[in-house]
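**Q** Just the structure for this:
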Amino acid sequence: MDLRQHGYAKAEDGTSLAYQRNGTGRPLVLLAGQANNHTWWDRARADFSGSTITMDYRGTGASDKPDLPYSTKGFADDVIAVLDELRIDQADVYGTSMGGRVAQWLAVSHPHRVRRLVLGCTSPGGKHGIERTNEVRRALARTDSRDVLADMMYTPAWRAENPGPYQVLGDPGMPPHAARGHLVASNSHDAWDVLPRITAPTLILHGADDVLTPAANVPLLAHRIQQARTHIFPGARHAYFDECRPLASTLVEEFFAMP
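**A** Numbers count the residues shown, from 1 in each chain. Reported below is the predicted structural model:
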């Protein structure tokens, strides 16, 4: 039996949002990083039991790409449009990188829709968040930025054994205005003041050697979110969820299995 379901939801402004649902059982929303589509989760998706739901953010994949302002709060509203289309009242949510920022707004603005929350390699944003250094920004601006980004995602040893292709280096089909919109959305994120409003049990995961979103953000998030648990993967970089499989996925599965 084919347990895959692909379709489209409509955002409040009419934007068409592509989604992908796999399997049956307890729903789990997986949220990708900035300027990436659902393929971000290709390697890890099968690690999770139940029904996994991914989506192409507006501006990526098969979703519409309006030339309008984007925001992490707006992306969270788009997630709700997908859940409404699928008639899912409540789901577990696992967001990584910018997806973790979107997940924060999802849990704040729609608390009754989030049963349990996992935030991976992410930040509260704003003046309180610990951002990447100017050196890292300059490196990402180089002409060989995809190779640079791959090195920031994975350790050299892991890349030597896993030569790719990698699905976490950005959606190559994004138009320039959408790529800029995603960058602005992620850089403008600031949930510091509202994080204490998160009521869903929360697990925070991070790679210790992440330079894209430094691990110093973990205690900041944990301090602001009630009774949050944390786990840091020694030596891991931004894509800990890929390189540190199956441990990372097992920790998430165990967390979601709790009553």
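**Q** Show me the residue at the heart of this protein, geometrically.
**A** Per CA atoms, centre = their mean, the C-alpha nearest to the average position across the chain is that of residue 99, at 2.4 Å.
**Q** Tabulate the CA atom coordinates of the one helix or strand that residue maps to in CSV.
**A** Per DSSP states H and E: residue 99 is located in helix 98-109. Provided in CSV are the C-alpha atoms of helix 98-109 (Å, rounded to 0.1, in the frame of the first residue of the first chain):
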residue,chain,number,x,y,z
MET,A,98,15.3,28.3,10.6
GLY,A,99,12.7,25.6,11.0
GLY,A,100,13.4,25.7,14.8
ARG,A,101,12.6,29.4,14.7
VAL,A,102,9.4,28.7,12.8
ALA,A,103,8.6,26.0,15.4
GLN,A,104,9.0,28.5,18.2
TRP,A,105,6.3,30.7,16.7
LEU,A,106,4.2,27.7,16.0
ALA,A,107,4.3,26.7,19.7
VAL,A,108,3.7,30.3,20.9
SER,A,109,1.0,31.4,18.5
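**Q** Determine how far that helix lies from the middle of the whole chain.
**A** 9 Å (CA atoms, centre = their mean, to the nearest Å).
**Q** where do the helices sit along the stretch 1-150 of the chain?
**A** 72-85, 98-109, 134-140, 145-153 (DSSP state H, counting those that start in this stretch).
**Q** Pipe those helices into JSON lines and attach mean pLDDT and distance to residue 8 per row.
**A** (Glycine included, C-beta is placed from N, CA and C.) Shown next, in JSON lines, are these (pLDDT from 0 to 100; distance: least, CB to CB, whole Å):
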{"stretch": "helix 72-85", "mean pLDDT": "98", "distance to residue 8": "8"}
{"stretch": "helix 98-109", "mean pLDDT": "98", "distance to residue 8": "19"}
{"stretch": "helix 134-140", "mean pLDDT": "92", "distance to residue 8": "32"}
{"stretch": "helix 145-153", "mean pLDDT": "93", "distance to residue 8": "29"}
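**Q** highest average neighbour count across the ones you listed?
**A** Burial of the helices of the stretch 1-150 of the chain is given as mean neighbour count (mean count of other CB atoms under 10 Å); helix 98-109 ranks first at a mean of 27.
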